[in-house]
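1. Let's see this in three dimensions:
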Amino acid sequence: MRRWSIGAAALTGIVVILLGGAAGCNKTGTPRLTLKDPGNHTLTRGKATEVKISVSRENYRDPVTIKFEDLPKGVTVKDTDTKIATEKDSGTFNLEAAGDAPTGDYTAKVTATGTGDLKDSKTFKLTVQDK
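-> Take a look at the predicted model:
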């Protein structure tokens, strides 16, 4: 009768393979969320304009909350749900300039936030023009 001897290192390797990876390894990788450049946008007083916001996802599928900041006086976000849906890479949001919004060029900020510490922000040029 023959006896087989398996060393501790070999046995550990077999267990690691059977369990799907080494302890502490994340099979899906580190989640990342990157906000793509939103580009420049022009609003006309008294009208709403659609602004497309896109993200790049890596190992992250959950909804992404979009927040607009530093908007000029008289410019508001018309949407009540400012999220990019699960597994989607973009969303369209409506910014509206009031009829008396001051005209000019402004720098606004958009932030994409996921769960945990996933967050990215970009600034963009926002122009408000007369009718």
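2. Can you get me the start-to-end distance on stretch 34-50?
-> 21 Å (CA to CA, to the nearest Å).
3. what stretches of the chain score poorly on pLDDT?
-> Under the criterion pLDDT under 70, the flagged ranges of the chain are 1-28.
4. Strands along that one, start to end?
-> Secondary structure of the chain (DSSP state E): strands located at 32-35, 41-44, 48-58, 64-69, 75-77, 83-84, 90-97, 104-113, 119-129.
5. Need these in CSV (columns: mean neighbour count).
-> Heads up, the C-betas are built off the backbone N, CA and C, glycines and all. Rendered in CSV, the data for these read as follows (neighbours: other CB atoms under 10 Å):
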stretch, mean neighbour count
strand 32-35, 17
strand 41-44, 17
strand 48-58, 16
strand 64-69, 18
strand 75-77, 17
strand 83-84, 20
strand 90-97, 18
strand 104-113, 16
strand 119-129, 16
